[in-house]
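> Got a predicted structure plus its sequence, pasted below:
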2 protein chains.
Amino acid sequence: MIEEKGILFILSGPSGVGKGTVRKELFERKTELRYSISITTRGMRPGEVDGVDYFFKTNEEFERLIDENKLLEYAKFVNNYYGTPKDYVMETLDKGHDVFLEIEVQGAMQVKKNFPEGVFIFLFPPSLEELKNRIVNRGTENEDVIIDRLKEARNEIEMMDAYDYVVVNDDVDKAVAKIQAIIQSEHCKRERIAAQYKKILEDELS
Amino acid sequence: MIEEKGILFILSGPSGVGKGTVRKELFERKTELRYSISITTRGMRPGEVDGVDYFFKTNEEFERLIDENKLLEYAKFVNNYYGTPKDYVMETLDKGHDVFLEIEVQGAMQVKKNFPEGVFIFLFPPSLEELKNRIVNRGTENEDVIIDRLKEARNEIEMMDAYDYVVVNDDVDKAVAKIQAIIQSEHCKRERIAAQYKKILEDELS
């Protein structure tokens, strides 16, 4: 038997591209992917369970995790920290399970720095014309806002260079099928499995 | 619209692994893959059509193709040449069609040298124990033959390092599904498509 480590997949892309919808659809299908449970400093809400919904930590605990480089990525929203725990992800991968993260572009860049062997998938806007229309329409008459949005879009597109794959979200089912194909093909990558095949073969042949 | 060039896929692996069976099953499914038509110096048989079954050439013509580096790979069997025409493959790729070659390991190594941007898929024996048993059984009592076969198997496995993917042929349907996933995911590779997306986006945004 081939003992294979799990693979970390990171789905990201510009805000509004539909990352959440694609991720939900992916997990509604038969999958052996594992979610990554985030760490947060915000208060536990009724019905939430520590270690299921989130790992709940104090500010001090969270900042120690930052100092000790125990987070694959983190960000602060409305005075609360949110982050991806490195140890939990690593242990899940070591057990042979693939882990799937759906995060913002900034977070993905932090993961890339901390775990470059992850597989980075960039979700691309459904239609380029639509993106342009959205940008122009959002700005209405204010030309400065339009220019800012165009710059933002350009910056987001530049980020694509750090990714392994680009999937166009023109149709949720098609995008999910492409992500499933990426997951399956990554498990066939020679550099991941050749050494193990050779070792097993040599053990058997010896 | 994204104008994408086709991708050259090369399926290879040790003889007896089941390359032909897998290729046939792949082409029986809905696919936009194109066969590569081989060039040969052997005589045309009744019913065969030049440019359909083979490109038929004389010895002199074939040897000129070799000299002019017009073949992605070639070999001589029973005094006849067989080869893969570079121009035909390139033109088909330029038209945006993927091309699929199913060839021997030696031929695949030639393609790798002439067209390293191809996607090389190594078909792995269905079972390692079975491979060993086959090797041992083929040699019966002659230990020299067994040792030779083991060496051959080792050499074939070493060739795996030149490939991009390894697909185990434990089950034809599963192997075909993996190859289909590889084809789909290769079309999502960032380095293939990011430049075009960026260009189109900048054209649209300008």
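In hand now; what should we look at?
> so where's chain A uncertain?
Flagging of chain A using pLDDT under 70 yields the residue ranges A:1-3, A:127-142, A:146, A:149-150, A:153, A:200-202, A:204-206.
> And A:Lys199, how far from B:Ile157?
A:Lys199 sits at a distance of 10 Å from B:Ile157 (criterion: C-beta to C-beta, to the nearest Å). (C-beta placed from N, C-alpha, C; glycine too.)
> and these two? which has more neighbours close in?
B:Ile157 (21 against 11; other C-beta atoms under 10 Å in any protein chain shown).
> Using the three-state scheme, assign that one.
helix (DSSP: H, G, I helix; E, B strand; the rest coil).
> need the strands for chain A, in chain order.
All strands of chain A, identified by DSSP state E, fall at A:8-12, A:34-35, A:39-40, A:55-56, A:71-77, A:80-85, A:99-102, A:119-124, A:165-168.
> Number of residues surrounding the closest residue in space to A:Lys189 that isn't next to it in sequence?
Of all residues not flanking A:Lys189 in the chain, B:Tyr165 sits nearest, at 6.2 Å (C-beta to C-beta, 6 or more residues apart in numbering or on different chains). Close neighbours of B:Tyr165, defined as other C-beta under 10 Å, add up to 28.
> My read is that B:Tyr165 contacts A:Ser185, right?
Yes. The criterion here is C-beta atoms under 8 Å, and B:Tyr165 meets it with A:Ser185 at 6.9 Å.
> CA-only coordinates of stretch A:186-206 in PDB, if you can.
C-alpha atoms of stretch A:186-206 as PDB (Å, rounded to 0.1, in the frame of the first residue of the first chain):
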ATOM      1  CA  GLU A 186      -2.300  16.300  -8.000                       C
ATOM      2  CA  HIS A 187      -2.400  12.900  -6.400                       C
ATOM      3  CA  CYS A 188      -0.900  11.500  -9.700                       C
ATOM      4  CA  LYS A 189       2.000  14.000  -9.700                       C
ATOM      5  CA  ARG A 190       5.200  12.000 -10.200                       C
ATOM      6  CA  GLU A 191       7.200  14.000  -7.700                       C
ATOM      7  CA  ARG A 192       4.600  13.100  -5.000                       C
ATOM      8  CA  ILE A 193       4.500   9.400  -5.500                       C
ATOM      9  CA  ALA A 194       7.400   8.100  -7.600                       C
ATOM     10  CA  ALA A 195       9.800   7.800  -4.600                       C
ATOM     11  CA  GLN A 196       7.300   5.600  -2.700                       C
ATOM     12  CA  TYR A 197       6.500   3.400  -5.700                       C
ATOM     13  CA  LYS A 198      10.300   2.900  -6.300                       C
ATOM     14  CA  LYS A 199      10.900   2.100  -2.600                       C
ATOM     15  CA  ILE A 200       8.000  -0.400  -2.500                       C
ATOM     16  CA  LEU A 201       9.100  -2.000  -5.700                       C
ATOM     17  CA  GLU A 202      12.700  -2.300  -4.600                       C
ATOM     18  CA  ASP A 203      11.600  -3.800  -1.300                       C
ATOM     19  CA  GLU A 204       9.400  -6.300  -3.100                       C
ATOM     20  CA  LEU A 205      12.100  -7.200  -5.700                       C
ATOM     21  CA  SER A 206      14.900  -7.500  -3.100                       C
END
